[in-house]
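Trainee: fold the stuff below for me.
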Amino acid sequence: MSSLAHPDTKTRTASPANAALPVVALEQVGMSFAKPSGEPLPVLANIDLEVCEGEILGLLGRSGSGKSTLLRIAAGLVKPSSGSVHYRGQPLRGPQEGIAVVFQTFALYPWLTVLDNVELGLDALRVSANAARERAKAAIDLIGLNGFESAFPRELSGGMRQRVGFARALVSEPTLLLMDEPFSALDVLTAETLRTDFLDLWLERQLPIKAMLLVTHNIEEAVLMCDRIQLLGGSPARIVADMNVQLPHPRNRLDPAFREIVNEIYSVLTSRLAETTDAPSAASRGLALHLPEVSSHRLDGFIDTIASALHGGSAELEKIAASRMLKVDELFPIAGAMHILEFAELHNGVIRLTAAGRVFAQANDDERKRLFREHLMQFVPLAAHIREVLDEREGHRAPRERFELELQDHLNQSDADSTLRTMIDWGRYAGLFSYDDHTRSFGD
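Mentor: Here you go, the predicted structure:
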C-alpha cells in the first residue's frame, strides 16, 4: 500500500520484538450453530487472525458475515466449535483480565450515573472502592466527559453515552481493546468527532491499551483508523484478504493514496459478492440461497439511478455510495440482489447493468413486473418452490410456517426470516403470489 511521509504526521508502529508474539491469536477457528434438525450450520471456517502489540487491526465485512461472533470468540465470551484462541501465548478459555470490549449499543444502566457506570468496569477486578472511584474519574476525564460524572445516561447525547462506554472499557487498563462497530449507532458528525478524539489518544500514547481489534462494515472508517485490515467474506465466512495500510496519521479521505486503498477494498468485496451471488451458482444452492433484505422498490429505483444519463448504465460502487450517502451495509445488499436477479454484473468495484437491466430501466410498470417475475422464477429457487407448492394445493394456499421450517434446514433462523421477508416483497411486486399477514399464508 502507498505510504506518504510528512514531518508533522503522527505514527505508531509495533516493534519487531513485540510483533513476534501476538496479543491475541486465533488459529483455524470455526463456529457452527445448530439447525432445527440438530445438524450443524457453519458460520465461520478456518479463521487465522493475529492482533500484534502496537497495532489496530480492522475486521471488515458486511452485516451477518460473522464479524461480531469472531470478536466475541477473541474476547473469550464465546467458545469456538473448532480451532484455538491464545491470549499472550496462553489458551483463552473464558473472559480474561486484560481484554475489554466496546459494543455497538451503549449498554449503560439508566439508573446509574456516569461515574457509577464506569466503575462497573472494575467490578471483576476486586479494586478497592476508593481506588475504583479514582480510576473511574481518570477514565472519564481522559475520554472527555469531565464534569458529567453525576449525569444519568438519559441526560447525555448519543456520542456522550458512547464515550461512557469507552471509559468503562478503559478503566480496567486493558492490554487488548475489542470494538464492535462502536461508532455505527452515531450520526456522521458525532461519529467523526469521537473517532478522531479516540485515535488521537491512541497515537499520543495516552491510552493504557497495547493493541486493538476494530470490527466494522465502514470501509473508510477502517482505512482511517487501522494499520492492517482483514476482509471477511464467504459462507461460511473466511478471511479473504489481509491488507496493510501504510499511510501516516492524520489520514485524509481525499488523498489519492487513501482513495486507492478504499477502491482496492471495494474491488475485493465486490469480486467476492459476485462469486457468492452469481446467478448460476446461486440457483444451484436452492433453498440455501440467502436473499439480501432489499425491497423491490429500492431495486427499481437503483436500476433507474445506474441507467440515468449521469452513469449511463455503469458506475463505481464507491462513487454511488458517496453520491447517495449509502453505507456499505445498504449498498452491497442492493448490488447483490441485482446480481442474483441478473439485472447487473459486479466486477472490480463496478456495477454494470446487464441487457435485461437496461430493458428493465426502459420499460413501463407492467413490463417491469413481468420481467421481474421471469427473473425471479429463473434465478431464485425459493420463488419457484413457493409457486410450485401453491399450484399443487387445492385452494392454492400454503402456510408461511411450512417455508420457514424448510429454510431453517439450510439457513440460520435470522437469515431464514430475512430471506422469507424479501421473498414476500419480491413475490408481491412481481404478481407471483399474494401474502396475508393475518393468516400468515401465501396464496394466488
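
Trainee: avg pLDDT for the host helix or strand of Tyr266?
Mentor: Assigning secondary structure by DSSP states H and E places Tyr266 in helix 256-277. The pLDDT scores in helix 256-277 average 81.

Trainee: and that helix, what's buried?
Mentor: 257-258, 261-274, 276-277 (16 or more other CB atoms under 10 Å). C-beta coordinates here come from the backbone N, C-alpha and C atoms, glycine included.

Trainee: please state the offset of it from the chain centre?
Mentor: Offset of helix 256-277 from its chain centre (CA atoms, centre = their mean, to the nearest Å): 15 Å.

Trainee: which strands and helices sit next to that helix?
Mentor: helix 219-225, strand 228-233, strand 238-244, helix 317-323, helix 328-340, strand 344-347 (3 or more CB pairs under 8 Å, 6 or more residues apart in numbering; DSSP states H and E).

Trainee: partner strands of the last one, with direction?
Mentor: By that I understand strand 344-347. strand 350-353 (antiparallel) (DSSP bridges).

Trainee: so how far is the partner strand from its chain's centroid?
Mentor: That offset, for strand 350-353, works out to 23 Å (CA atoms, centre = their mean).

Trainee: need the next SSE after that strand, C-terminal direction.
Mentor: Following strand 350-353 in sequence order, the next helix or strand is helix 355-362 (DSSP H and E).

Trainee: any residues touching whichever helix or strand comes after that following helix, and which ones?
Mentor: Where DSSP H and E defines the elements, the next helix or strand beyond helix 355-362 is helix 365-379. The contact list for helix 365-379 (CB atoms under 8 Å, 6 or more residues apart in numbering) reads 279, 282-283, 296, 300, 340-343, 356, 359-360, 363, 383-384, 387, 426-427, 429-432.

Trainee: how about 6 Å then?
Mentor: Here helix 365-379 makes contact (CB atoms under 6 Å, 6 or more residues apart in numbering) with 279, 283, 341-342, 360, 383-384, 426, 430-432.

Trainee: tell me the mean pLDDT for that helix?
Mentor: Mean pLDDT, computed over helix 365-379, is 93.

Trainee: out of the helices and strands packed on helix 256-277, flag the one nearest Ala75.
Mentor: For those, distance to Ala75 was read as CB to CB. The smallest value, 16.6 Å, belongs to strand 228-233.

Trainee: strand partners of the closest one, parallel vs antiparallel please.
Mentor: Applying DSSP bridges, strand 228-233 is found paired with strand 56-60 (parallel), strand 238-244 (antiparallel).

Trainee: make a markdown table from the helices and strands packed on helix 256-277 and add mean neighbour count, mean pLDDT and distance to Ile143 to it.
Mentor: Shown next, in a markdown table, are those (neighbours: other CB atoms under 10 Å; pLDDT from 0 to 100; distance: least, CB to CB, whole Å):
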| stretch | mean neighbour count | mean pLDDT | distance to Ile143 |
| --- | --- | --- | --- |
| helix 219-225 | 23 | 92 | 16 |
| strand 228-233 | 22 | 90 | 25 |
| strand 238-244 | 17 | 91 | 29 |
| helix 317-323 | 18 | 81 | 30 |
| helix 328-340 | 22 | 87 | 27 |
| strand 344-347 | 21 | 87 | 41 |
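
Trainee: would you list those in CSV and tack on distance to Arg440?
Mentor: Output for these, formatted as CSV (distance: least, CB to CB, whole Å):
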stretch, distance to Arg440
helix 219-225, 39
strand 228-233, 34
strand 238-244, 36
helix 317-323, 36
helix 328-340, 24
strand 344-347, 33
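
Trainee: just the endpoints, please. Distance across stretch 107-125?
Mentor: End-to-end distance for stretch 107-125, by CA to CA, to the nearest Å: 20 Å.

Trainee: can you check stretch 219-236 too?
Mentor: Distance across stretch 219-236, first residue to last, is 21 Å (CA to CA).

Trainee: quick one: residues in contact with that stretch.
Mentor: Identification of contacts with stretch 219-236 by CB under 6 Å, 6+ apart yields 42-45, 55-61, 65, 67, 199, 216, 239-245, 251, 261-262, 265, 268, 272, 328.

Trainee: count of neighbours near Glu39?
Mentor: Using other CB atoms under 10 Å, Glu39 has 10 other residues around it.

Trainee: please name the nearest non-neighbouring residue to Leu120.
Mentor: Nearest residue to Leu120 in three dimensions, chain neighbours excluded: Arg168, at 6.3 Å (CB to CB, 6 or more residues apart in numbering).

Trainee: with Thr422 instead?
Mentor: With CB to CB, 6+ apart as the criterion, Thr422 has its nearest non-adjacent residue at 4.2 Å, and that residue is Leu291.

Trainee: can I take it that that neighbour is in a helix?
Mentor: No - in this structure, Leu291 is coil, not part of a helix, as judged by DSSP: H, G, I helix; E, B strand; the rest coil.

Trainee: got phi/psi on it?
Mentor: Backbone torsions for Leu291, taken as degrees, to the nearest 10, come to phi -90, psi 130.

Trainee: quick check: it vs Leu317, distance?
Mentor: Separation of Leu291 from Leu317 (CB to CB, to the nearest Å) stands at 20 Å.

Trainee: same check, this time on Ser63
Mentor: 16 Å.

Trainee: kindly report the same for Ile209.
Mentor: 34 Å.

Trainee: ok, Thr305 next?
Mentor: Counting by CB to CB, the gap from Thr305 to Leu317 is 12 Å.

Trainee: now swap in Leu112 and tell me
Mentor: Plainly put, Leu112 is 43 Å away from Leu317 if you go by CB to CB.
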